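Peer 1: could you look at this predicted model? Sequence included:
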Amino acid sequence: MIDIKLIRENPKLVKENIKKKFQDEKLPLVDKVKKLDEEWRELKYQEDKLRADRNKISQEINELKKEKKNVSDLIKKAKGIPDEILKIQEKRKNFEREIQEIMYKIPNIIHKSVPIGKSDRDNVELKKIGAPKVPKYKIFNHAELAEKLGGADFDSARETSGNGFYFITGDLAMLHSAMLAFARDYMIKQGFTYVIPPFMIRRKVVECVMSFAEMYAMM
């Protein structure tokens with residue numbers, strides 16, 4: 001998720017980035033969230049001012065009490081301020097929720113080195129090593145090959161997880177584990193610390209790095 005400061009300072013850049021991703025339907029979101037942010041900041045200013053006024057009035061009450069003067073009007077005024085602050089806080093939180101929901105939909109800024117294209121057909125080939133060879137035998141895709149070798153079980157996976165999933169079994173499963181162990185040991189030798197993170201992640205963390213649609217599709 002991009003920083004709201006970028007929309008405050010350079011909404012044009014954010015819009016250009018949306019166009020590069022061919023997501024023009026999201027362009028109005030930039031102006032909408034910018035306006036909501038301005039209203040949120042105005043509410044924040046009002047809230048801060050009320051807090052400052054409350055502190056000032058409290059100080060005046062203390063000084064007048066020392067002088068044994070009537071402070072009933074000031075006390076009445078001070079008592080009303082917390083309710084005003086709560087009302088503004090509620091409005092501000094509603095703005096925050098709406099802003100956050102929109103910000104999740106605005107795509108992250110792509111690096112300037114990324115080629116612009118609608119699909120993988122627009123990918124740019126940077127380097128080719130060697131000449132491609134066409135074997136004389138039939139070529140199987142990875143799923144077909146894994147199944148022929150007895151290294152994948154698609155039928156059982158359909159029952160547990162749905163179409164498109166598979167259990168890795170036998171020698172292929174052993175190879176999978178060996179590759180992970182090799183990569184782990186190699187990176188440890190490079191000075192990295194081996195860490196096993198929790199298998200669960202807070203929703204807020206996921207929402208900050210991917211869109212709702214992507215998150216729900218993955219789940």
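Peer 2: Good, I have the coordinates.
Peer 1: three-state assignment of the most far-flung residue of the chain relative to its centre?
Peer 2: In the chain, residue 68 marks the outermost C-alpha relative to the chain mean, sitting 57.6 Å out by CA atoms, centre = their mean. What DSSP: H, G, I helix; E, B strand; the rest coil gives for residue 68 is coil.
Peer 1: where does it fall, phi/psi-wise?
Peer 2: When read as degrees, to the nearest 10, the backbone of residue 68 gives phi 60, psi 40.
Peer 1: same thing with residue 132?
Peer 2: phi -60, psi 140.
Peer 1: with residue 152 instead?
Peer 2: Main-chain torsions, residue 152, degrees, to the nearest 10: phi -140, psi 140.
Peer 1: circling back to that earlier point, next one: the residue farthest from the centre of the chain from residue 61, what distance?
Peer 2: For residue 68, the distance to residue 61 equals 12 Å [CB to CB, to the nearest Å]. Yep, even glycine has a C-beta here, placed from its N, CA and C like the rest.
Peer 1: what of residue 8?
Peer 2: Computed as CB to CB, the residue 8 to residue 61 distance reads 39 Å.
Peer 1: more neighbours: which of those two?
Peer 2: residue 61 (17 against 13; other CB atoms under 10 Å).
Peer 1: so what's that one up against?
Peer 2: 71, 74, 75, 78 (CB atoms under 8 Å, 6 or more residues apart in numbering).
Peer 1: quick check, it in a strand?
Peer 2: No - judged by three-state DSSP, residue 61 forms no part of a strand; its state is helix.
Peer 1: mind checking pLDDT for it?
Peer 2: Looking at residue 61, its pLDDT stands at 87.
Peer 1: low-confidence stretches in the chain?
Peer 2: Scanning the chain for pLDDT under 70 picks out the ranges 211-214, 218-219.
Peer 1: quick one, helices of it?
Peer 2: 4-9, 11-20, 27-66, 72-105, 142-148, 154-160, 170-189, 203-207, 212-218 (DSSP state H).
Peer 1: now these in CSV, with distance to residue 124?
Peer 2: Formatted as CSV, these follow (distance: least, CB to CB, whole Å):
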stretch, distance to residue 124
helix 4-9, 27
helix 11-20, 14
helix 27-66, 26
helix 72-105, 28
helix 142-148, 25
helix 154-160, 35
helix 170-189, 28
helix 203-207, 30
helix 212-218, 24
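Peer 1: for the closest residue to residue 89 other than its chain neighbours, give its distance to residue 83.
Peer 2: Nearest residue to residue 89, sequence neighbours excluded (CB to CB, 6 or more residues apart in numbering): residue 47, at 6.5 Å. Here residue 47 is placed at a distance of 12 Å from residue 83 (CB to CB).
Peer 1: tell me which of the two has more neighbours.
Peer 2: Counted by other CB under 10 Å, residue 47 and residue 83 do not tie: residue 47 has more neighbours, with 18 against 9.
Peer 1: list of residues touching stretch 17-26?
Peer 2: With CB under 8 Å, 6+ apart, stretch 17-26 has contacts from 27, 30, 105, 106, 107, 109, 110, 116, 118.
Peer 1: sorry, slip of the keys, the one I care about is stretch 35-43.
Peer 2: Stretch 35-43 has contacts (CB under 8 Å, 6+ apart) with 4, 7, 8, 88, 91, 92, 95, 96, 98, 99, 102.
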